[in-house]
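Novice: Have a look; sequence and predicted model below, questions after that.
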Amino acid sequence: MAYALGVDIGGTSIKAGLLTDDGELLDVARVPTHGVADQEVFEELLGKLADMCAKHGVAEGDVAGVGMDIPGPVDADGHVLFLPNINFDPEAGTKRLKEAYPNTKVVILNDANAAILGEMWRGSASGYKNVVLLALGTGVGGGIVVDGNLVNGAFGGGGEIGHITVKPDETRTCGCGRKGCLEQYASAKGVIQVYLDACERRGMEPVELRHATDTIALFDALVNGDPCASMAVDTMVDRLGFAMAQIGCVVDPEVFLVGGGVANGYNVFDRELRAAYERYALKSGLDAKILPCQLGNDAAMYGSAYLALNA
């Protein structure tokens, strides 16, 4: 049996899984980053990868591939164009993985592209050939599959859904340097900021937030009748539905998948998102399904491993 390691570089932590070649997840290791995945953090990760493999009796030679996904566009040659939400050196990370696993394929890809591959391998997108994934995490990523083929684009920017302009008159600047991007309203960081701004305007005390991406607290506040939380989530689903409608005019998917940390509250806003999409969508696209990712936050980890196995 062959094995693969899927390394998911996120905005707040690095998560890595040991998977079999048929998609069974054997174990997971996590290393917090708090937005900075420096050399010390990466060395800690490598140690945990070694420990995880040893625990399951997997020798270095049994690892057929290592896949690493990152929250930014990656071109076909594995070059990272920019990272708007995390301080990380992908070239140094890839080099250390190759040094740790010298006889193993090491691949790098965008995190949302990894997530959609994972969902097509072992999740909600199994059996579909035209799929769009909306990855709502610290930022907003996207993955697009057309006729069974992943769309990466000529310059690695295919699927950068989070940077579709959905509010041209926005004054705040997005992490990409532009203004009015979907990420500013539908990411965990974005919807929390919209919530805090609403509280400030209304002179209301916000609920206690453990960190800048604490959407669990936000959704709890929504359920408990917090009007500012309601406004923030309404803004999120409206702009998300608007973006999905524009994507639908170009891609015409069978299904939209909603993933990432924000999707943990999907049951709180699923009906509103469906309504927002239908409000803006072309009639020919109204039958598109909207489904939560079955693999949740593990989707990118699965997809990274899958690509490493099949590169």
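Specialist: That came through, no problem. Residues are numbered from 1 along each chain as shown.
Novice: Against L117, how distant is D69?
Specialist: Distance of D69 to L117, given as CB to CB, to the nearest Å: 9 Å. For glycine as for every other residue, the C-beta is placed from the backbone atoms N, C-alpha and C.
Novice: Common neighbours of these two, please.
Specialist: Shared contacts of D69 and L117 (CB atoms under 8 Å, 6 or more residues apart in numbering): G303, S304.
Novice: Please give me every residue in contact with L282.
Specialist: Applying CB under 8 Å, 6+ apart to L282 gives the contacts A245, G248, C249.
Novice: of those, buried ones?
Specialist: For those, a burial check counting by 16 or more other CB atoms under 10 Å picks out A245, G248.
Novice: Could you give the bridge partners of N149?
Specialist: Here N149 sits in beta bridges with V146, as judged by DSSP bridges.
Novice: Number of residues surrounding it?
Specialist: N149 has 10 neighbouring residues, counting by other CB atoms under 10 Å.
Novice: Look up how far L136 lies from it.
Specialist: 24 Å.
Novice: What is the linear distance spanned by stretch 258-275 between its boundary residues?
Specialist: From its first residue to its last, stretch 258-275 covers 15 Å (CA to CA, to the nearest Å).
Novice: quick one: buried residues of it?
Specialist: 258-266, 268-270, 272-273.
Novice: And those residues, which is closest to E91?
Specialist: Nearest to E91 among those: G260, at 25.4 Å, using CB to CB.
Novice: Touching, that closest one and A135? I think so.
Specialist: Yes. With contact defined as CB atoms under 8 Å, G260 counts as touching A135 (4.4 Å).
Novice: joint contacts of the two?
Specialist: Taking CB under 8 Å, 6+ apart as the contact rule, G260 and A135 both touch A115, G141.
Novice: pLDDT of stretch 55-66, averaged?
Specialist: Averaging pLDDT along stretch 55-66 gives 94.
Novice: should've said stretch 261-270
Specialist: Average pLDDT, stretch 261-270: 92.
Novice: and if you look at stretch 285-302?
Specialist: Rounded mean pLDDT across stretch 285-302 is 93.
Novice: All set now, cheers.
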